[in-house]
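Peer 1: kindly generate the corresponding structure for this input.
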Amino acid sequence: MKNIYKENDEVLYTKESIISFSAQDLAELKKMAKLNPRQRIRICSHSNTSDKIHEMIIYHPKGAYVPPHKHIGKGESFHLISGEIDCVIFNNQGNITKSFPMGDYSSGKMFYYRIPEDTFHTQIFKKDTFFHEVTEGPFNREDTSIANWAPDEKEIVEVKKYLAIISSNLESINS
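Peer 2: So this is what the prediction gives:
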């Protein structure tokens, strides 16, 4: 990928005014992600954190843990490009209220969602996954509320237990 700059090892910005991505670009992003401790990466097509609209192509590997969270006052659109996930929606107490499997368009599964502001959600990454996410800016870390009923991503043993519980719950909900 050319004409990019790094905010950090997981966040890239393009310097182009007209932005396009190819399969080769995504393969290069995946290689870059593999060099990061969390093995994930995003390239932003917005200019900076103060932009009103934030659009990103994001890569998460199979098994990545994203703690359930909600965006205060901001909705989110998610378009799965490749891979496979389960999207999980929670109430404020941590109970699953909705879930749906997602895959790319050709899979026949759902490939897009939009959730309203203040909705706890996570994704269970069943395969290496690329997705396009859009949300309102400007970015302010305090606008994302991490669920206090879910383990922190650094608590590796607790995360594995938690993901096993969610997967078990999803099996019973979806069967």
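Peer 1: and the longest helix for this structure?
Peer 2: helix 156-174 (DSSP state H).
Peer 1: mind giving me the packing neighbours of that helix?
Peer 2: Contact here means 3 or more Cβ pairs under 8 Å, 6 or more residues apart in numbering; DSSP states H and E; on that basis helix 156-174 packs against strand 84-90, strand 96-103, strand 120-125. To be clear about C-beta, it is placed using only N, CA and C from the backbone, and glycine gets the same treatment.
Peer 1: out of the ones you listed, which is closest to residue 28?
Peer 2: Residue 28 lies closest to strand 120-125 among the helices and strands packed on helix 156-174, at 19.9 Å (Cβ to Cβ).
Peer 1: which residues of the protein score low on pLDDT?
Peer 2: 1, 174-175 (pLDDT under 70).
Peer 1: what ranges does it have for its helices?
Peer 2: Under DSSP H, the chain gives helices at 23-33, 156-174.
Peer 1: can I get those in CSV with distance to residue 63 and mean neighbour count?
Peer 2: Formatted as CSV, these follow (distance: least, Cβ to Cβ, whole Å; neighbours: other Cβ atoms under 10 Å):
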stretch, distance to residue 63, mean neighbour count
helix 23-33, 13, 15
helix 156-174, 8, 13
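Peer 1: dump the ones you listed to JSON lines, plus distance to residue 43.
Peer 2: Formatted as JSON lines, these follow (distance: least, Cβ to Cβ, whole Å):
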{"stretch": "helix 23-33", "distance to residue 43": "6"}
{"stretch": "helix 156-174", "distance to residue 43": "26"}
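Peer 1: for those helices, which one sits closest to residue 130?
Peer 2: Taking Cβ to Cβ, helix 23-33 is the member of the helices of the chain nearest to residue 130, at 5.5 Å.
Peer 1: which elements pack onto the closest one?
Peer 2: Secondary-structure packing of helix 23-33 (3+ Cβ pairs under 8 Å, 6+ apart): strand 41-44, strand 53-60, strand 129-136.
Peer 1: run the angle between that helix and strand 53-60 for me.
Peer 2: Angle of helix 23-33 versus strand 53-60, following axes from the mean of the first three to the mean of the last three Cα atoms, to 10 degrees, is 70 degrees.
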